[in-house]
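Novice: Show me how the following folds:
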Amino acid sequence: VAFCRGRIVKVPKGPLIRVVGTEVVIPCSVSDYDGPSEQNFDWEFSRDTDFMRIVSTWDSTFTSEEYQNRVGHGDIKLRRSSNDAVELVIRNIQPTDQGKYKCSTPSTDATVQGNYDAEVQVKVISDDLLVSGSKARSSTSLKLSEGDSFKLRCSAITTSPEHTHLHVTWQIKSRSSWQDILSFTHESKFQPGPGYEERYRNGDIRLDTGANDTYQLSVSQASSVDGGVYRCLVSEWVRGADSSWQKIQEKSVEIASVAIQRTDVLISTSNLSVTERDSLDLTCNITTDRSGIFQAEVTWYFSESPDDTLSDAQVLLSMDHDSVVSDSTLISLSHVDRNSYRLLVRDVDVEDSGYYFCQAAVWVPQHNGSWQKVVERTSAPVNVVVMALEPDYEVFLNASKTPKFSDDPTELECRITNAHDTNANVRFTVSWYYRQHLRSDDVVTEELLATMDADWTLLLGDRSRERTQNGEIIFSKKAVDTFSLRIQWTSESDRGYYFCVISAWSRHRNNSWVKSKDVTSASVSILWATQDYTLTVEAVKLKPFFVAGHTFEMTCKVSSKNIKTPRYSVLITAEKPLTDQSNPNGTTRIISLNQDSVVRLEDWTDQTRVDGVVLEKVQENEFRYRMYQTQISDAGLYRCVVTAWSPGGGGMWREAVNGLSNPIQIDFQTSGPVFNVSVHSDNLTIYQGELADLLCIITTDGMALEPDDMSFDVSWFAVRSFALDREPVLLASVDRRGIVTQSRRNGSSDLSLERISPLEFRLRVHGCEDHDFGNHYCVVTPWVRSATGIWQREPAIKAKPIFLSVKMDVLNAFKYPLLIGIGLATVIGLLSCLIGYCSSRWCCKKEVQETRRERRRLMSMEMD
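Specialist: This next block holds a predicted model:
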């Protein structure tokens with residue numbers, strides 16, 4: 001390859017056949033050269049043997065005298081296409097230019113290799129191509145209607161002695177440039193132009209060849225884009241020596257100017273805004289200058305949006321080209337004149353508001369008696385607004401009942417007045433609203449209480465739903481024009497402003513109801529003068545001095561203000577001294593009497609004196625409390641807690657205010673004995689399963705009493721913690737009559753409580769468990785018999801707790817588990833040894849014959 005490499009100069013393979021008078025372009029290129037990238041070229045011409053210099057790229061004096069004039073005028077020139085290629089351009093070639101053309105390149109190579117010139121033969125033939133329009137058509141201007149058909153002809157012939165082919169192209173000039181419609185190529189193929197492919201496949205555009213070398217363009221279903229100037233462009237082609245096609249000349253002739261009259265569809269109307277129940281009149285006009293026979297097909301559409309397509313729109317009515325109209329009850333379509341079609345919609349409704357448009361198609365008769373659709377247009381949408389026929393009325397809100405106090409009834413009436421333009425197709429509903437009353441200027445949004453829909457179904461709001469279901473709020477329709485709101489028992493939360501909204505509903509053709517108007521009433525305030533409730537309670541002790549065993553009596557007098565028809569409930573409480581262990585909180589609820597005069601014992605637990613307290617109503621505002629056979633343990637401060645009630649909704653009572661009386665003190669002066677209590681145990685640390693003994697020891701100071709004149713209620717408690725931070729648990733108790741009561745236990749240990757002496761009580765825990773630990777103490781309530789023979793209960797006394805520890809005997813706890821574990825391990829070990837011996841002795845025995853090996857000494861490396 002290196003030795004064969006060299007400069008190569010190329011020109012087209014000849015001969016090149018060209019037509020006289022045309023422009024000839026002969027390219028020349030060089031490759032595989034050394035030196036600069038831009039190469040120079042020299043062109044020479046020879047008719048016989050000698051070459052004449054024509055033009056050069058680098059030497060301006062290269063041109064021969066014979067060609068200086070033509071080169072100077074630009075009829076012959078060089079056109080550089082790249083650094084290594086140029087084109088020789090000869091304008092208006094003549095027969096004298098026929099001959100050999102040589103392209104040569106000066107050498108820039110280091111060594112001479114390859115060829116430095118190339119020759120090509122050019123043959124000039126005469127112009128024998130004739131192109132003309134159709135002689136049968138005298139006028140070159142056509143005026144057609146949209147959808148018509150037309151034909152154009154041109155003639156093209158050549159008498160060249162060379163074997164040439166013609167390429168015929170029909171073009172249209174609609175604006176400033178020519179556009180290809182359809183071509184019959186030099187290779188005998190039909191080729192549609194850009195944008196005409198579909199029409200060519202449908203047969204709307206054809207190119208037919210006829211006699212006398214004529215080429216006919218046939219256009220069917222002409223549209224507005226087919227208007228313009230038509231010409232026939234013919235080019236002559238010849239096959240070169242390299243079998244490629246070369247265009248040697250081109251001619252054109254303008255055939256005709258075609259004007260297409262567009263068919264438009266317009267909607268004319270005199271009422272773009274109509275009133276409900278009126279008629280809508282629309283006319284679809286077809287604008288065309290077609291004078292022949294034709295029929296129109298019209299379809300009316302309705303859409304809620306102007307951007308909807310035909311597939312999304314609703315078809316109202318249609319008429320085909322045979323004047324057959326589709327059925328409709330309230331819509332009619334009539335043929336007014338040759339180009340007008342009227343749509344009439346009777347009794348329009350608000351739902352008929354929207355966009356109306358019509359689609360028209362023009363049909364023409366064919367020779368075989370059938371009809372063909374030639375054009376179809378859709379009008380621009382027309383916006384039609386149907387104004388609702390609103391009734392004229394006013395709304396008046398009146399408060400027929402207003403509350404003066406809480407729980408009084410409230411009644412509002414919403415009335416329709418001055419109603420006009422109302423008929424059977426209009427009905428009214430109401431909506432009730434509430435707005436809270438604030439003393440500041442804050443904006444408060446209204447709350448919906450209730451509303452009615454078109455069929456008078458009541459829909460409740462969140463604020464009034466529960467009270468309406470309970471019957472506290474009543475919504476009603478008293479008359480055709482009157483609606484009422486009644487609050488049976490008005491509360492403080494109902495204070496504010498109320499207003500109503502009357503809605504008018506219109507019935508449509510499909511018997512559905514649509515709201516057409518809302519009218520709001522003025523607000524009505526529901527407010528009343530309010531003052532704070534006041535309640536005063538005074539307790540009076542009727543007997544200033546008395547002793548234990550006598551009857552205690554006091555009265556409670558109540559007075560109130562700003563409470564409507566009040567009733568009172570009374571509760572008697574006692575505040576015992578802090579030394580009383582029966583009630584650590586200090587306050588005891590004894591007996592109560594509610595607003596319905598029902599008496600109830602509250603925390604009175606003395607079963608021997610169930611009838612010892614009485615609370616009764618003396619007058620409407622006076623109550624009396626008696627306590628019979630008073631005990632020393634009854635000492636304390638007694639009060640009356642009074643609650644005032646006012647009538648509420650549904651016969652219920654509503655709590656208004658509470659009051660507390662002054663205290664009345666019961667104090668007994670006595671010089672009796674003083675009791676002390678302590679807890680003792682000989683062994684505070686015991687093991688599980690052993691017996692624990694706890695003694696509750698009572699001692700007396702001061703006046704000595706006989707054992708028969710005193711008795712005790714003893715209760716044992718335990719706190720299962722070290723720090724006394726848990727609730728105490730009752731273990732067992734014995735009353736002064738000797739009746740023992742035990743609480744339920746979860747463990748296996750057991751309890752026993754006994755009196756071992758007049759002043760000693762013993763608690764035994766049998767079979768102690770770990771959950772029996774904790775702080776243990778006893779609570780003693782002494783009873784002393786007075787000189788009159790009445791038993792008086794002294795305040796309860798609590799002993800100081802002692803801590804009982806329960807330990808576990810580790811040796812006894814683990815003795816039997818250890819013995820059982822060692823025995824089982826020994827048995828399992830012996831059994832494992834026995835199984836292993838038997839298996840190795842009989843089950844897994846295998847004789848192995850050992851292969852005898854020869855004994856040879858190793859050979860030394862030197863001998864090897």
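
Novice: Where do the domain boundaries of this structure fall?
Specialist: 7-125, 129-261, 264-387, 394-526, 534-666, 674-807 (the TED database).

Novice: which stretch of helix or strand covers the closest residue to residue 473 other than its chain neighbours?
Specialist: Of all residues not flanking residue 473 in the chain, residue 467 sits nearest, at 4.8 Å (CB to CB, 6 or more residues apart in numbering). All C-beta atoms are positioned from the backbone trio N, CA, C, and that covers glycine. Residue 467 belongs to helix 465-469 when assigned by DSSP states H and E.

Novice: So which other helices or strands are in contact with that helix?
Specialist: Helices and strands touching helix 465-469, by 3 or more CB pairs under 8 Å, 6 or more residues apart in numbering; DSSP states H and E, are strand 473-479.

Novice: residues making contact with the strand it packs on?
Specialist: With CB atoms under 8 Å, 6 or more residues apart in numbering as the test, strand 473-479 has contacts from 413, 430, 432, 449-450, 456, 458, 464, 467-468, 483-488.

Novice: partner strands of whichever helix or strand comes after that strand, parallel or antiparallel?
Specialist: Per DSSP H and E, the first helix or strand lying C-terminal to strand 473-479 is strand 482-487. According to DSSP bridges, strand 482-487 forms sheet pairs with strand 410-420 (antiparallel), strand 473-479 (antiparallel).

Novice: Residues in a beta bridge with the spatially closest residue to residue 720 that is not a sequence neighbour, which ones?
Specialist: Nearest residue to residue 720, sequence neighbours excluded (CB to CB, 6+ apart): residue 774, at 4.3 Å. On the basis of DSSP bridges, residue 774 is bridged to residue 804.

Novice: ok, residue 774 - contacts?
Specialist: 718-721, 803-804.

Novice: can you pull the buried residues of the helix ranked longest in the chain?
Specialist: In the chain, with assignment by DSSP state H, the single longest helix is helix 810-838. Buried residues in helix 810-838, counted by 16 or more other CB atoms under 10 Å: none are found.

Novice: Check which helices and strands that helix sits against.
Specialist: By 3+ CB pairs under 8 Å, 6+ apart, helix 810-838 packs against no helix or strand.

Novice: how does it look with 10 Å?
Specialist: strand 685-687 (3 or more CB pairs under 10 Å, 6 or more residues apart in numbering; DSSP states H and E).

Novice: list the contacts for the residue nearest the centre of the chain?
Specialist: The centroid of the chain falls nearest to residue 462 when counting by CA atoms, centre = their mean (24.7 Å). Residue 462 sits next to 447-449 when contact means CB atoms under 10 Å, 6 or more residues apart in numbering.

Novice: For the residues you listed, pick the one with the most neighbours.
Specialist: Among the contacts of residue 462, residue 449 has the most neighbours (other CB atoms under 10 Å), with 23 neighbours.

Novice: Go ahead and list the helix or strand containing it.
Specialist: Here residue 449 is assigned to strand 447-452, by DSSP H and E.

Novice: Can you tell me the strand partners of that strand and which way each runs?
Specialist: strand 426-436 (antiparallel), strand 458-460 (antiparallel).

Novice: For the longest one, output the C-alpha coordinates as CSV.
Specialist: As requested, C-alpha coordinates have been extracted for strand 426-436 and formatted as CSV (Å, rounded to 0.1, in the frame of the first residue of the first chain):
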residue,chain,number,x,y,z
VAL,A,426,-91.3,27.8,43.6
ARG,A,427,-91.0,26.7,47.2
PHE,A,428,-89.3,28.2,50.3
THR,A,429,-87.0,26.7,53.0
VAL,A,430,-85.3,28.2,56.0
SER,A,431,-81.8,28.1,57.6
TRP,A,432,-81.3,29.2,61.2
TYR,A,433,-78.0,30.8,62.4
TYR,A,434,-76.6,31.8,65.7
ARG,A,435,-73.8,34.3,66.5
GLN,A,436,-72.2,34.6,69.9
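
Novice: Now it: buried residues?
Specialist: 426-435.

Novice: what do you get for stretch 597-609?
Specialist: 604, 609.

Novice: Do me a favour and average the pLDDT over it.
Specialist: If you average the pLDDT over stretch 597-609, you get 83.

Novice: Tell me how far it lies from the chain's centre.
Specialist: How far stretch 597-609 lies from its chain's middle: 62 Å, per CA atoms, centre = their mean, to the nearest Å.

Novice: quick one: contacts of it?
Specialist: Contacts for stretch 597-609 (CB under 10 Å, 6+ apart): 567, 569-574, 582-583, 587-594, 610-617, 623, 627-631, 633-634, 791, 793.

Novice: Just the ones of those in helices?
Specialist: Among those, no member lies in helices (by DSSP H).

Novice: Filter these down to the buried ones.
Specialist: Buried among the contacts of stretch 597-609 by 16+ other CB under 10 Å: 567, 569-574, 583, 588, 590-594, 612-613, 615, 623, 627, 629-631, 633-634, 791, 793.

Novice: Mind checking which of these are in strands?
Specialist: 567, 569-574, 588, 590-593, 613, 615, 623, 627, 791, 793 (DSSP state E).

Novice: just to revisit the earlier point, out of the strands paired with strand 482-487, the one nearest residue 353 is which?
Specialist: Across the strands paired with strand 482-487, residue 353 has its closest neighbour in strand 410-420 (23.8 Å, CB to CB).

Novice: tell me which residues in the closest one are buried?
Specialist: Neighbour counts over strand 410-420 (16+ other CB under 10 Å) mark 410-416, 419 as buried.

Novice: Can you tell me which of the residues you listed is nearest residue 684?
Specialist: For these, the nearest to residue 684 is residue 410 (74.7 Å; CB to CB).

Novice: The residue nearest to residue 314 when sequence neighbours are not counted: which element?
Specialist: Closest residue to residue 314 apart from its sequence neighbours, by CB to CB, 6+ apart: residue 302 at 4.7 Å. Secondary structure assignment for residue 302, by DSSP H and E: strand 295-303.
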